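Trainee: the sequence and its predicted three-dimensional model are supplied below.
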Amino acid sequence: MSGLEDLYREIILDHYKNPRNHGTLPTPPAVMEQGYNPLCGDEVRVYLLIEDEELKDIRIEGQGCSISRSSASLMTTAVKGKPLSEVRRAVKTFKKMMALEEDSDLYGEEIIPFEPINERTVGELIALQGVVKFPVRIKCATLPWNTLVQALESAVQS
Amino acid sequence: MANELVVELPDNDKVLDAQTVKQDFPIFKEVGQDPFVYLDSAASAQRPSKVLEAMDSYYHTTHANVHRGVYRVAEQATNLYEEARSHLGRFLGAPKPELEIVFTKNATEAFNLFAHGYGRKILGPNDVVLLTKMEHHANIVPWMILREQIGFEIRFIDIDAEGQLVLDNIEQQLKGVKILGVTMASNVLGTLNPIKQLTEYAHQEGAIVIADGAQYSPHLPTNLQVLGVDAYCITGHKMLGPTGIGALWARTSILEEMYPFLGGGEMIRNVTTEGFTTNDIPHKFEAGTPPIAEAVGLSAALTYLEEIGLENIRAHELSLTSYAMEQLHERLGSEIKIFGPENPSARSGVISFELKDVHPHDVSQILDQEGVCVRAGHHCAKPLMTSLNVPATARASFYLYNTESDVDSLVSALVKTVEFFR
Ligand SMILES: Cc1ncc(COP(=O)(O)O)c(C=O)c1O
């Protein structure tokens, strides 16, 4: 089935069938946010346990297609145990990979220079790069990441 | 409750030849994708050249605004528009075709018009609107918006495991109901509902019935007088017509009673600085310049459907649906779950399904690679998805131009999908 290998890489199918960090965390101390894609009915719940500006633990549950679920699973492995600044940076890098964000920040926020996107800088997440060629699926891939951002925000507020 | 909406089907040799029909639809030659296996007509159908030509010719030779100019072209345009109205009325078997059809943008607008025009007129805080769990959002959300303003109760008729309405205690369920809103054919399950009988029960309880014909009238012969319903909605783009036109039919007495909904030109008789008086029905509900070319196109679509014959279309879709269900079960076995009635004659040409461990989104992605277009999602029927306990389904839907070979492409692509995700 030519053309599809870019979308459904081995790693993606593996994370889809064997999702990492699947499940829930007790709230509190963890925070939980729910994300929802009205287009396809996919939903995801992201649990974060944050201590001393560090993401100690992350769990995800919900229902979704292979792209949203593998993106969620890959995301957890990319951000778990990282300082929050690095987590935020990972989100930005991911969004850039999805062609959703530019290097320069037009809105006057602190400008974080992006590293070039390759296997060395983003690790296994590179597997999701093929999604860009399937515009309707970008929303699937970004759903868990947007929910992560929401959860980070509500953790800061609480 | 037995469904009496049985259509007399023609002999086998009179049934249409889909391969020939397909030639009438330019998109199958010009889409630039080969193969192009279009199995999403429940979302929107394709158009035959005759529809495109009618609209083109209208713009080339006749266009002017309607109901305004006294010059010849304006009069011709008005005639075409009004002829399209009565044509649709006759197509649906309306008692007064020229008076009772209100053109709207689509079925959704027709439901909004009815809810805000008639619902707002007759509903009070202690009233009940009864819907079904298989309604499209178009027949749910307008009622919810109105409920926020008035405060009545909305109840839902349940569905059983086969996707049929649970009607055992229908008299009980109808107690105190002022308006019953129910779909003729589910856009997800294909279920054909026993509207005639339901309407009889509803009328005994003094309720008014609005039926959703969006998925029915394109595929089966409609006779509003036999159905007995009080109001009915259709949408042009699902019945070979253009986008941008739909219609509400309602009894004269109801239209007379209804509040106007959209205000502006055309719907008024007089406007002063003090206020306005409304135009006669149906114009009272058609504010502003209407979709004139679209009405012309819709009328051409109806002519096309009439020439082929709705009985033939139904017979063709029934045989295709039976074949598809048989093939899907045979070649996919326990890998597939088909929602809705097992018996093809109890459903329209719509098949929603789920593949084991493969999300509908992934199904439609892989099918797309094979040139097969199906819909994946909640199909604007979230309450139904909840009662089926799925986030989404994949749906294949058939129309007069689909062939057994289209079904074969679908089934083979699904077999590949299962292998891909194994
Ligand atoms: C049963 C049913 N009702 C109403 C509608 C709404 O049609 P439209 O989107 O053209 O307003 C649809 C279309 O999806 C439908 O399937």
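Mentor: That came in fine, so what should we check first?

Trainee: wait, isn't B:Thr318 in contact with B:Pro10?
Mentor: Quick fix: residue B:318 is Leu, not Thr. No: counting by Cβ atoms under 8 Å, B:Leu318 does not reach B:Pro10; the two are 11.2 Å apart. C-betas here are computed from N, CA, C, even on glycine.

Trainee: these two - which one has more neighbours?
Mentor: A side-by-side neighbour count of B:Leu318 and B:Pro10, using other Cβ atoms under 10 Å in any protein chain shown, places B:Leu318 first with 21 against 15.

Trainee: and that one, what is it in contact with?
Mentor: Neighbour list for B:Leu318: B:9, B:344-345, B:349 [criterion: Cβ atoms under 8 Å, 6 or more residues apart in numbering or on different chains].

Trainee: tell me what the strand or helix carrying A:Ser71 is packed against?
Mentor: According to DSSP states H and E, A:Ser71 maps onto helix A:66-79. With contacts taken as 3 or more Cβ pairs under 8 Å, 6 or more residues apart in numbering or on different chains; DSSP states H and E, helix A:66-79 sits against helix A:10-17, strand A:42-51, strand A:54-63, helix A:84-97, helix A:135-157, helix B:360-369.

Trainee: which strands and helices sit next to the following helix or strand past the last one?
Mentor: Scanning forward in sequence from helix B:360-369 by DSSP H and E, the next helix or strand is strand B:372-373. When contacts are defined as 3+ Cβ pairs under 8 Å, 6+ apart, strand B:372-373 packs onto strand B:37-38, helix B:404-421.

Trainee: give me whichever of these is most buried.
Mentor: Counting by mean count of other Cβ atoms under 10 Å in any protein chain shown, strand B:37-38 has the highest mean neighbour count of those, with a mean of 24.

Trainee: check the offset of that strand from the chain's centre.
Mentor: Chain-centre distance of strand B:37-38: 20 Å, with Cα atoms, centre = their mean, to the nearest Å.

Trainee: how about stretch B:89-103?
Mentor: For stretch B:89-103 - counting by Cα atoms, centre = their mean - the centre lies 16 Å from the chain centre.

Trainee: touching the ligand at all, that stretch?
Mentor: No: remark: stretch B:89-103 sits outside contact range of the ligand, by Cβ under 6 Å from any ligand atom, the gap being at least 13.0 Å.

Trainee: give me the distance between A:Tyr16 and B:Phe420.
Mentor: 12 Å (Cβ to Cβ, to the nearest Å).

Trainee: B:Phe25 now?
Mentor: 31 Å.

Trainee: and B:Lys382, by the same measure?
Mentor: Counting by Cβ to Cβ, the gap from B:Lys382 to B:Phe420 is 29 Å.

Trainee: please tell me I have it right and A:Gly62 contacts A:Tyr47.
Mentor: No: if you go by Cβ under 8 Å, A:Gly62 and A:Tyr47 don't touch, sitting 10.9 Å apart.

Trainee: give me the pLDDT for the residue nearest to B:Ile159 when sequence neighbours are not counted.
Mentor: Nearest non-adjacent residue to B:Ile159, counting by Cβ to Cβ, 6 or more residues apart in numbering or on different chains: B:Lys133, 5.2 Å away. Model confidence at B:Lys133, expressed as pLDDT, equals 97.

Trainee: name the SS class of the residue of the stretch 251-400 of chain B found nearest the ligand, please.
Mentor: Across the stretch 251-400 of chain B, no residue is closer to the ligand than B:Cys380, which sits at 5.6 Å (Cβ to the nearest ligand atom). Put simply, B:Cys380 is coil when judged by DSSP: H, G, I helix; E, B strand; the rest coil.

Trainee: stretch A:13-27: end-to-end distance?
Mentor: One end of stretch A:13-27 to the other measures 30 Å (Cα to Cα, to the nearest Å).

Trainee: no wait, stretch B:7-27
Mentor: Per Cα to Cα, stretch B:7-27 runs 30 Å from first to last residue.

Trainee: show residues contacting it.
Mentor: B:28, B:36, B:38, B:46-50, B:52, B:220-221, B:304, B:308-316, B:318-320, B:400-403.

Trainee: just stretch A:77-87 next, same as before
Mentor: Counting by Cβ under 8 Å, 6+ apart, A:20-21, A:50, A:53-58, A:90, A:122-125, A:148, A:152 sit against stretch A:77-87.

Trainee: what does stretch B:70-80 give?
Mentor: B:58, B:62-69, B:292, B:295-296, B:299.

Trainee: which ones among the residues you listed map onto strands?
Mentor: Nothing among these maps onto strands, per DSSP state E.

Trainee: ok, so of the residues you listed, who is nearest chain A?
Mentor: The shortest approach to chain A among the contacts of stretch B:70-80 belongs to B:Ala295, at 31.6 Å (Cβ to the nearest Cβ).

Trainee: my guess is the closest one contacts B:Ala247. True?
Mentor: No: with contacts counted by Cβ under 8 Å, B:Ala295 stays clear of B:Ala247, the gap being 9.3 Å.

Trainee: and for the two, which residues touch both?
Mentor: B:Phe103.

Trainee: shaky segments in chain A?
Mentor: By pLDDT under 70, the low-scoring segments of chain A are A:1-3, A:40, A:100-118, A:120-121, A:158.

Trainee: please apply the same query to chain B.
Mentor: Using pLDDT under 70, chain B drops low at B:1-6, B:13.

Trainee: near the ligand, which residues of it show up?
Mentor: Counting by Cβ under 6 Å from any ligand atom, chain B sits next to the ligand at B:106-108, B:136, B:138, B:183, B:187, B:212, B:214-215, B:235, B:246, B:380.

Trainee: circling back: contacting residues around the residue of the stretch 251-400 of chain B closest to the ligand?
Mentor: B:Cys380 touches B:136-138, B:187, counting by Cβ under 8 Å, 6+ apart.

Trainee: rerun at 10 Å
Mentor: Taking Cβ atoms under 10 Å, 6 or more residues apart in numbering or on different chains as the contact definition, B:Cys380 lies against B:43, B:108, B:135-138, B:140-141, B:187-188.

Trainee: also A:Arg137?
Mentor: A:7, A:40, A:65-68, A:71, A:98, A:128, A:130-131, B:361-362, B:365.

Trainee: from the contacts of stretch B:70-80, which would you call buried?
Mentor: The neighbour count (16 or more other Cβ atoms under 10 Å in any protein chain shown) marks B:58, B:62-63, B:65-67, B:292, B:295-296, B:299 as buried among the contacts of stretch B:70-80.

Trainee: before we move on, back to that, winner for burial among the helices and strands packed on helix A:66-79?
Mentor: helix B:360-369 (a mean of 23).

Trainee: roughly how far is that helix from the heart of the chain?
Mentor: 25 Å.

Trainee: stretch B:127-140 too?
Mentor: On Cα atoms, centre = their mean, the centre of stretch B:127-140 falls 15 Å from that of its chain.

Trainee: buried residues of it, list them for me.
Mentor: Neighbour-count burial for stretch B:127-140 flags B:127-140 (criterion: 16+ other Cβ under 10 Å).

Trainee: now the end-to-end length of that stretch.
Mentor: One end of stretch B:127-140 sits 16 Å from the other (Cα to Cα).

Trainee: and chain B, what are its domains?
Mentor: Domain segmentation of chain B under automatic domain parsing yields B:18-42+B:309-421, B:51-307.

Trainee: could you list the alpha-carbon positions for stretch B:260-273 in PDB?
Mentor: What follows is stretch B:260-273 as a C-alpha-only set of coordinates in PDB (Å, rounded to 0.1, in the frame of the first residue of the first chain):
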ATOM      1  CA  PRO B 260     -41.800  34.500  10.500                       C
ATOM      2  CA  PHE B 261     -38.300  33.500  11.200                       C
ATOM      3  CA  LEU B 262     -35.800  35.500   9.000                       C
ATOM      4  CA  GLY B 263     -36.800  39.000   8.300                       C
ATOM      5  CA  GLY B 264     -36.100  41.200   5.300                       C
ATOM      6  CA  GLY B 265     -37.200  41.700   1.700                       C
ATOM      7  CA  GLU B 266     -39.700  39.500   0.000                       C
ATOM      8  CA  MET B 267     -41.200  38.100   3.300                       C
ATOM      9  CA  ILE B 268     -43.100  41.400   4.000                       C
ATOM     10  CA  ARG B 269     -46.300  42.900   2.600                       C
ATOM     11  CA  ASN B 270     -45.700  46.300   4.000                       C
ATOM     12  CA  VAL B 271     -43.100  48.100   6.200                       C
ATOM     13  CA  THR B 272     -43.600  51.400   7.800                       C
ATOM     14  CA  THR B 273     -41.500  53.100  10.500                       C
END
